[in-house]
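Chemist: I would like to see how this sequence folds:
(2 chains)
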2 protein chains.
Amino acid sequence: MLALIGMGLGKGDISVRAIDFIKGCDKVYAERYTAVSDDGAIAEISASTGKSIETLQRQDFEDRVKETVRSAAHASVAILVYGDPLVATTHHIILDEAEKQNIEAKVFHSSSILSAAIGESCLDVYRFGPPVTIPYWSEKYRPTSFLDVAERNLSNNLHTMLLMDINQKERAPMKLSEALEIIRSAQGNSGKAIFQDGTSIMIMGNVGKHDQKIALTAFATAQSLVSAFEGKMLVMILPSKPNFAEEEAMSKFKNPD
Amino acid sequence: MLALIGMGLGKGDISVRAIDFIKGCDKVYAERYTAVSDDGAIAEISASTGKSIETLQRQDFEDRVKETVRSAAHASVAILVYGDPLVATTHHIILDEAEKQNIEAKVFHSSSILSAAIGESCLDVYRFGPPVTIPYWSEKYRPTSFLDVAERNLSNNLHTMLLMDINQKERAPMKLSEALEIIRSAQGNSGKAIFQDGTSIMIMGNVGKHDQKIALTAFATAQSLVSAFEGKMLVMILPSKPNFAEEEAMSKFKNPD
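Modeler: Residues are numbered from 1 along each chain as shown, chains lettered A, B, ... in the order given. The predicted model follows:
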């Protein structure tokens, strides 16, 4: 029996029945390459279940997915992941492998940045187009397609959630300054001007945690918020034209100045 | 102090830290009008925290939101809701009222049908357009706008999640037979033929629970699955043209016949 278990947005967000399940497991892994921040969630789960938890990095995981799944043929094996375990398609690989090996698999859902950020934004869930991820650029890989998606969403009067890539080398979430720089460069390269100086953007840090911070600001002044969001896991929302209720609700996120 | 607490998709899905918080509460309510199914989640929370939990129906809630919030001025009050507490905009009313009354409010996120169903569908999260809700029709209210959204999503090559209205009178989730009938009637009234006989739809019942069931079927044959999905909380997905990975992953949901 193999279980994919969501740890949610942070420490203590794992579900009660997931904790009960882990207590009966023979082996517990934590996948750490699709999420890099560690707020002590894994240590807390280890303490409350009495299980030692082995961390899997990307290389471990890719090399060992078959073997890890195979170990669940005659034992209960849990793999912990941040957020909801199935939103990132990476984790479907584990379920597919379990199916191939004819091993029973269970999924424990949890809070996801996707639904939590929509909720915290005060924007209407029915007005969100597809989300995008702002990717790190390299010498040879400079994708600007996230701008195309945002542009299409705006033209359909839909909001866009902008998730952020992870800096795998430094094991750190993308910084606000980096995200703004990539947006500016992508606009320069593609000739698109989706984010103009006066365009409102919502910057959300550590959604769902005790130190959550949300700011609604003009794109031109977002740079001044870099230090305020330092060290926080970020998502941004590019709101389309807000309706009356959204406008009113969002006003609390405007900067005092 | 007021807390909005998500109970997630079902029994045991509430988070560990939410349970700890409830243990210290003076008063605990459960909101039962945006979700009607009761799988024992509330009773289990009551048993594990030692708190009695008062159920709020819509009328209670609307009449008493100010009073309920006011009671949190000098006490710890928790309001339990199914799913993630902020995805349904209804619950923002509580936070707004708390802000007006200058009462501290906390949110405990949890698993949401929105992110869980995307994950379980094996479809790409980046290819979902805005979701819709299939509404019950009455003599005077026969909206067909959910078809417009699905049509626009298809024309943008995006998937559509179809959530279901709740039968408030009978306190029951919408049945598959009802949903199919409303889709057919809406297509008849609007002249749109988004769901054609051969159109693939994904029917998902009790997502995230032990008795989750998912079927990928042609619209014309969906009716034959009515009894198989009897009593389950439903969502449907109208997939746009699947890409190769999606096609392969979804194939496990095809009916054997």
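Chemist: start to end distance for stretch A:76-86?
Modeler: Its start and end residues considered, stretch A:76-86 measures 19 Å (CA to CA, to the nearest Å).
Chemist: what do you get for stretch A:159-170?
Modeler: Distance between the two ends of stretch A:159-170: 31 Å, counting by CA to CA.
Chemist: likewise stretch A:119-127?
Modeler: 12 Å.
Chemist: and for that stretch, what's in contact with it?
Modeler: A:118, A:157-159, A:202, A:204, A:207-208, A:212, A:214, A:237, A:239-240, A:242-243, A:245-246, A:249-250, A:252-253, B:84-89, B:92, B:107, B:109, B:114, B:130-133, B:149 (CB atoms under 8 Å, 6 or more residues apart in numbering or on different chains). Using the backbone N, CA and C atoms, a C-beta is placed for each residue, glycine as well.
Chemist: please spell out the ChimeraX selection for the buried subset of those.
Modeler: What follows is the ChimeraX syntax for the buried subset of the contacts of stretch A:119-127, where burial is set by 16 or more other CB atoms under 10 Å in any protein chain shown:
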select /A:118,158,159,202,204,207,208,212,214,237,239,240,242,246,249,250,253 /B:84,85,86,87,88,89,92,107,109,114,130,131,132,133,149
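Chemist: strands of chain A, start to end?
Modeler: With DSSP state E, the ranges of strands along chain A come out as A:2-6, A:27-31, A:53-56, A:77-81, A:105-108, A:132-134, A:160-164, A:166-167, A:172-173, A:200-205, A:213-218, A:234-238.
Chemist: so how far is the helix or strand bottoming out on mean pLDDT in chain A off the chain centroid?
Modeler: Using mean pLDDT, DSSP states H and E, helix A:58-70 stands out as the lowest-scoring helix or strand of chain A, at a mean of 81. With CA atoms, centre = their mean, to the nearest Å as the basis, the distance from the averaged C-alpha position of helix A:58-70 to the chain average is 22 Å.
Chemist: swap in stretch A:147-154?
Modeler: Centroid displacement of stretch A:147-154 relative to its chain, using CA atoms, centre = their mean, is 20 Å.
Chemist: how about that stretch: buried residues?
Modeler: Neighbour counts using 16+ other CB under 10 Å place A:L147, A:V149, A:A150, A:E151, A:R152, A:N153, A:L154 of stretch A:147-154 among the buried residues.
Chemist: now, which of those sits nearest chain B?
Modeler: Of all those, the one with the least separation from chain B (CB to the nearest CB) is A:R152, at 6.6 Å.
Chemist: what residues does the closest residue to that closest one other than its chain neighbours make contact with?
Modeler: Counting by CB to CB, 6 or more residues apart in numbering or on different chains, B:N156 is the residue found nearest to A:R152 once chain neighbours are left out, at 6.6 Å. Contact analysis of B:N156 by CB under 8 Å, 6+ apart lists A:R152, A:N156, B:G129, B:S240.
Chemist: separation between the first one and A:V132?
Modeler: This points to A:R152. As judged by CB to CB, to the nearest Å, A:R152 and A:V132 stand 10 Å apart.
Chemist: also A:L114?
Modeler: Counting by CB to CB, the gap from A:L114 to A:V132 is 12 Å.
Chemist: list residues touching both of the two?
Modeler: A shared contact of A:L114 and A:V132, defined by CB under 8 Å, 6+ apart, is any residue touching both; here these are A:M161.
Chemist: quick check: A:K11 touching A:D38?
Modeler: No: between A:K11 and A:D38 there is no contact under CB atoms under 8 Å: 9.4 Å.
Chemist: which one of the two has more residues nearby?
Modeler: Under the neighbour definition other CB atoms under 10 Å in any protein chain shown, A:K11 and A:D38 were set side by side, and A:K11 has more, 20 against 15.
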